[in-house]
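Novice: Next come a sequence and a model predicted from it.
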Amino acid sequence: MTQPELSIELTGLGMKNPVILAAGILGTTGASLKRIAGSGVGAVITKSIGTIPEKGHPNPSLVALECGLLNAMGLPNPSYKEFNDELATAKEGDVPVIVSIFGSHPDEFSEIIEGLEGADAFELNLSCPHSQQYGAAVGTDPVLVEKITKAAKTTASVPIWVKLTPNVTDIVTIGEAASRGGADAVVAINTIRSMAIDIHSGYPILGNLYGGLSGAAIRPVAVKCVYDLYRALDIPVIGVGGVSKWEDAVEMMMAGASAVQIGSAIYDNFTIFSEISEALFTFLKSRDLNLGDIIGIAHKKVKQ
Amino acid sequence: MTQPELSIELTGLGMKNPVILAAGILGTTGASLKRIAGSGVGAVITKSIGTIPEKGHPNPSLVALECGLLNAMGLPNPSYKEFNDELATAKEGDVPVIVSIFGSHPDEFSEIIEGLEGADAFELNLSCPHSQQYGAAVGTDPVLVEKITKAAKTTASVPIWVKLTPNVTDIVTIGEAASRGGADAVVAINTIRSMAIDIHSGYPILGNLYGGLSGAAIRPVAVKCVYDLYRALDIPVIGVGGVSKWEDAVEMMMAGASAVQIGSAIYDNFTIFSEISEALFTFLKSRDLNLGDIIGIAHKKVKQ
Amino acid sequence: MKPVNAVIKEVIKETPTITTLIFDIKPDAIPGQFVMVWIRGVDEVPMALSHPNSITVQRVGDASETLSNMKPGDSIGLRGPFGNGFELTGQRIMIIAGGVGAAPLLPLAHQLRLRDAKISILLGAKTSKELLFEEQFSRSGELKAATDDGSKGYHGVITGLMDKYDLNSFDMFYVCGPEMMMRAVLDMLHVNGLENRSQFSLHRYFKCGIGVCGSCTIDPWGLRVCKDGPVFYGDILLNSELGKYHRDVTGKKIMF
Amino acid sequence: MKPVNAVIKEVIKETPTITTLIFDIKPDAIPGQFVMVWIRGVDEVPMALSHPNSITVQRVGDASETLSNMKPGDSIGLRGPFGNGFELTGQRIMIIAGGVGAAPLLPLAHQLRLRDAKISILLGAKTSKELLFEEQFSRSGELKAATDDGSKGYHGVITGLMDKYDLNSFDMFYVCGPEMMMRAVLDMLHVNGLENRSQFSLHRYFKCGIGVCGSCTIDPWGLRVCKDGPVFYGDILLNSELGKYHRDVTGKKIMF
Ligand SMILES: Cc1cc2nc3c(=O)[nH]c(=O)nc-3n(C[C@H](O)[C@H](O)[C@H](O)COP(=O)(O)OP(=O)(O)OC[C@H]3O[C@@H](n4cnc5c(N)ncnc54)[C@H](O)[C@@H]3O)c2cc1C
Ligand SMILES: Cc1cc2nc3c(=O)[nH]c(=O)nc-3n(C[C@H](O)[C@H](O)[C@H](O)COP(=O)(O)OP(=O)(O)OC[C@H]3O[C@@H](n4cnc5c(N)ncnc54)[C@H](O)[C@@H]3O)c2cc1C
Ligand SMILES: Cc1cc2nc3c(=O)[nH]c(=O)nc-3n(C[C@H](O)[C@H](O)[C@H](O)COP(=O)(O)O)c2cc1C
Ligand SMILES: Cc1cc2nc3c(=O)[nH]c(=O)nc-3n(C[C@H](O)[C@H](O)[C@H](O)COP(=O)(O)O)c2cc1C
Ligand code: FES
Ligand code: FES
């Protein structure tokens, strides 16, 4: 029995395993990213970075519900100009650093890409559900998605991943637009538009009134999105949404994900990255499989 | 301190409380609906009924996940012709019986409405996420939604509720279409398109491969939909999705729901209807409030 | 809970049409509870547990055929155990099993025996070769067979065999088998005023298996066979649809 | 967990700028843990628990102003308690509190006292009127005050007061106060090789409060003040950003 191989090459990036830190989770500072880099991940993604400093939405900006986290951080970031230092620190960790970026116009994406040095790839956040002008505000329009992706591809010399929102009638249309724009991979999914109300007072809990749902609650939705995108696209799909156990990672890959990202689950468990990649190894080994054998396997089981 | 009043008049239907059995839950037979009618609900909704007998999707058609149920029943029903008997039995229960109906063309809705006798209202299922030609297949198109609603209104002499899908970029557009078509109320939400895969074999678990997610997982999504619809529409909004405790019912009403429906939560607790309406009574009484004081209150707390 | 994987360890041909599949896990169940058995790519159907780690399947269609042809090493998915199971009570017990209806009654017999109950087993089938678990039942009590063709035991239906007993001397009757046989047994117990000393395990078309969808509900009280049952006391069933009609997968009434 | 509703029972004006709000619930916390206090319609901010059922707030901006003006019967939302809290250890204890930093140290002093620790409290403030919990601390040990303006106790910064003790005779130092004061204390302890006998409760900008978002992480190890802290041992902090810079709400570094 040969050992299964966890290391992958994803859009040209070498990663020692397919488990990635999701955007916006402990990705504010270089030091924090470096810490996660040392905890067994295959790659890390930064907090989403824009052209100008943003304070984000007023607090409360996150609340843990029964089945997931509800957040409306509001893309706080110091702008790409201030972020170069953090990026340099993050890169001291021994894994690829993907910079998540946002904007409302293709030029802004180009500006950020030009202004940031050392990113191993960029993830275009076209999917944050609680921003007036960014994220899903642009990511629900296939024309804009294609344009922004194209602009990013033209400017960047590194891979471009496009992160999609599930808050659309048909995520495949958006994935196809990203693919036409030249995306090297799509990432699905960002959080689902949601809200929670405090029954003692009637106030919506989040400072922004509503936000995005992540965690266990959304995993079945993410699995379906990944499944549909895998079937429709020729580029890799990266799965994210509610992965908190190794079984979830396997499920996501069986739906078609080449790699998985983990966000909310770090809330309970800081060592989740190494735990999941080790368990993945054991799972593959016990069945004498390689990653390639499970990615998208659900599609082969189905009489079309 | 006066006693709070739980009874409501909803689109002209008198109900002893605002807690309603959701469509497709124990609504296959008249006897089952009558049993629920006796368990403290304000009204019951039948399984969705079509023009011809449907077997539904192959089993497995439901699986309980950590945070909700995933189902793809596939609208099994014996057609409206066979359902008249069941409806007559259901009406022996002492609460309004709303018949959920589906079709792919406005005429089919009219045909069913004409063919069924004794429904206190009809709920148009324009939202089932796992049917090729029904439900969300029509309910994501505002033009069709308006046409179907209009056809139903023209045919029916009882109120028409339109049940909406969250699987759209903007649920408000669809709610507005229903309202233009003359809907007496909108109901939000049906289940969210989802999927689960068996990691032992790689098979998608549901016979239909994918299905709809209900239960606690989707409540924050439903609350946001109800909130948005309440703000945009002049007709009542009925909230459904993940209500399993009285606090959830209050939250839904604070978001703008005139009444709530409960489906999945019956899985754990058959006495949920009376429990929730009693707790609602206690809550209102302890604060000297009436239902009207909490419906939509979240909107008043917000600096627009 | 997603289906749990169960690997077939052993396959036992019980009768020409009935096969027992022994698997590698023991769902924590009480006699009379069932599991939803997922035959991947084919169907998911309810099956009683015939031992803590087995189901016993009669070939009647696609799913049961595929199950019957399984080999050791094959695997299935199990949801459950679900349903209420039998209430274990009484010292003088009659177990009345028809066909594959013997499956949920076998673990019941074992457990009752452990409680030192005195058990009479009436085992019916079309023909002697189809008598299920004859030997295993005999270990728990005194067994009498009935066959439609008279190839073994009593020649005729099982109620004929019941006639030979002083039914009033029994504390509890446990019954599972074809619907018309169960109705006949119930009617006979009723004549003796014994319906409230009897428990029947019912069959209806299941989709969800957990009491949510409503496809298995029975008239006139809307009881869910999957959740309120599958075991019901006879008095509850007396004025029910049992033996009169059931519903097909669309929900349409089908007369027996 | 959604915010829990807490109704204000009593409001105590501690100093001209500091107010204690006593509420009707007792979050199950250990000293040094904090709650996220939601002032509905205004903001949500972290606050230490100053008693099992209170927070003590210094007026510095919108949220703290609104809190300071609350009346009995008003209510707030609480998420938490969160964070690690102090490790209770040692018999000879020095507590060093500056300004409202006394808040998390008060329940600590009470608990250490219950363990029969011998406690010296060094309490600093700008001016005598701003000395917080002077009397309450005195019940747990021997208290010495320091004021910037010399209006009470030692005239000058708190490290001047520390100088008067044989620091090596203490098992543990517990410190909370303005960042530059904490840095000065840490440096002084370091000179004496005592940094690993000290625990500091830090302040950073919190958004999530539960260790997910990253806004509160400190260099160079990326520790989360909200989850890995807010309490850290001195040796961990020695080569950290403490007293050098922090980050504002956008994540931008702000030098002290
Ligand atoms: C609680 C319960 C326990 C059962 N225990 C056993 C057992 O231990 N051994 C055994 O052999 N059989 C048992 N059955 C019956 C078994 O479920 C059916 O024989 C089986 O589903 C047939 O499937 P098929 O594809 O082979 O046949 P099909 O050709 O699909 O159908 C043949 C008949 O089987 C029944 N059936 C099919 N699908 C279902 C379903 N999803 N739910 C219920 N009935 C269905 C219907 O009556 C149908 O007419 C039990 C049924 C129930 C409700
Ligand atoms: C773990 C911890 C415990 C604390 N305990 C206490 C306490 O017991 N008593 C007390 O008076 N203060 C305490 N603070 C500080 C308190 O959180 C701030 O004083 C308060 O947030 C100020 O809010 P504001 O709106 O009044 O001021 P603003 O005008 O909003 O801001 C003034 C300053 O307060 C700080 N601040 C504002 N919002 C936050 C936030 N979300 N998170 C952290 N800091 C913020 C910033 O440094 C800011 O510059 C604690 C802080 C932390 C991190
Ligand atoms: C607190 C928080 C902040 C987030 N910030 C970002 C962000 O800045 N950019 C982004 O693309 N996604 C952001 N996300 C979404 C996550 O990257 C991820 O898509 C989502 O949380 C689903 O994955 P999970 O269930 O593993 O958390 C954020 C999520 C959370 C919970
Ligand atoms: C098993 C099952 C069957 C359902 N069948 C229908 C249906 O026939 N028609 C319909 O409009 N909605 C149907 N629904 C959706 C529910 O009515 C409801 O909108 C959804 O489950 C969310 O509410 P819940 O979280 O309280 O279950 C079904 C849901 C479940 C779980
Ligand atoms: S099978 Fe769904 S309720 Fe029984
Ligand atoms: S405040 Fe979010 S990680 Fe600390």
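Specialist: Ah, there it is. Ligands and ions are numbered 1, 2, ... in the order given.
Novice: Right, and ligand 3 sits closest to which residue of the stretch 101-250 of chain A?
Specialist: A:Ser214 (3.1 Å; C-beta to the nearest ligand atom). The way it works is simple: take the backbone N, C-alpha and C, and place the C-beta from them, glycine included.
Novice: residues near that residue, how many?
Specialist: 30 (other C-beta atoms under 10 Å in any protein chain shown).
Novice: again, but for A:Lys301
Specialist: Here the number of neighbours of A:Lys301 (other C-beta under 10 Å) works out to 16.
Novice: ok so, going back, quick check: the residue of the stretch 101-250 of chain A closest to ligand 3 touching A:Gly68?
Specialist: Yes - A:Ser214 is within contact range of A:Gly68, at 5.6 Å (criterion: C-beta atoms under 8 Å).
Novice: Contacts only, for C:Tyr233.
Specialist: Residues in contact with C:Tyr233 (C-beta atoms under 8 Å, 6 or more residues apart in numbering or on different chains) are C:195-196, C:198-200.
Novice: How about A:Glu247?
Specialist: By C-beta under 8 Å, 6+ apart, the contact set of A:Glu247 is B:Ile199.
Novice: helix, strand or coil for C:His110?
Specialist: Using DSSP: H, G, I helix; E, B strand; the rest coil, the structure places C:His110 in helix.
Novice: Name all residues that make contact with the residue nearest the centre of chain C.
Specialist: The residue lying closest to the centre of chain C (C-alpha atoms, centre = their mean) is C:Gly101, at 3.6 Å. Contacts for C:Gly101 (C-beta under 8 Å, 6+ apart) come out as C:175-178, C:181-182, C:201.
Novice: likewise C:Ile218?
Specialist: Shown in contact with C:Ile218 (C-beta under 8 Å, 6+ apart): B:31, C:202, C:204, C:225, C:240-242, C:246.
Novice: residues contacting A:Gly30?
Specialist: For A:Gly30, the contact set (C-beta under 8 Å, 6+ apart) comprises A:85-92.
Novice: how does chain C divide into domains?
Specialist: C:4-82, C:92-245 (automatic domain parsing).
Novice: would you say A:Asp293 is within a helix?
Specialist: Yes - checked against three-state DSSP, A:Asp293 lies within a helix.
Novice: Distance-wise, check it relative to ligand 6.
Specialist: A:Asp293 sits 37 Å away from ligand 6, going by C-beta to the nearest ligand atom, to the nearest Å.
Novice: so which helix or strand takes in C:Asn5?
Specialist: strand C:4-13 (DSSP states H and E).
Novice: Is there any residue in that strand that contacts chain B?
Specialist: Yes - under the criterion of C-beta under 8 Å from any C-beta of the partner chain, chain B is reached by strand C:4-13 at C:Asn5.
Novice: List the buried residues for that strand?
Specialist: Across strand C:4-13, burial judged by 16 or more other C-beta atoms under 10 Å in any protein chain shown covers C:4-6, C:8, C:11.
Novice: Can you list the buried residues in stretch C:138-147?
Specialist: Those would be C:140-141, C:143-147, for stretch C:138-147 by 16+ other C-beta under 10 Å.
Novice: Show me the strands in the stretch 51-200 of chain C, by range?
Specialist: For the stretch 51-200 of chain C, applying DSSP state E, counting those that start in this stretch gives strands covering C:54-58, C:75-82, C:92-98, C:118-125, C:142-147, C:154-155, C:172-176, C:198-201.
Novice: Just the closest residue of chain A to chain C, please.
Specialist: Residue nearest to chain C within chain A: A:Lys301 (6.8 Å; C-beta to the nearest C-beta).
Novice: just to revisit the earlier point, quick one: which of the buried residues of stretch C:138-147 is nearest D:Ile119?
Specialist: C:Ser140 (72.9 Å; C-beta to C-beta).
Novice: pLDDT value on the closest one, please?
Specialist: Per-residue confidence (pLDDT) for C:Ser140: 95.
Novice: For it, what are phi and psi?
Specialist: Backbone torsions for C:Ser140, taken as degrees, to the nearest 10, come to phi -100, psi -10.
Novice: re earlier: neighbouring contacts of whichever helix or strand comes after the strand holding C:Asn5?
Specialist: For strand C:4-13, the following helix or strand on the C-terminal side (DSSP H and E) is strand C:18-23. Defining contact as C-beta under 8 Å, 6+ apart, one finds that strand C:18-23 is touched by C:6-14, C:50-51, C:53-59, C:67-68, C:70, C:76, C:78, C:100, C:130, C:132.
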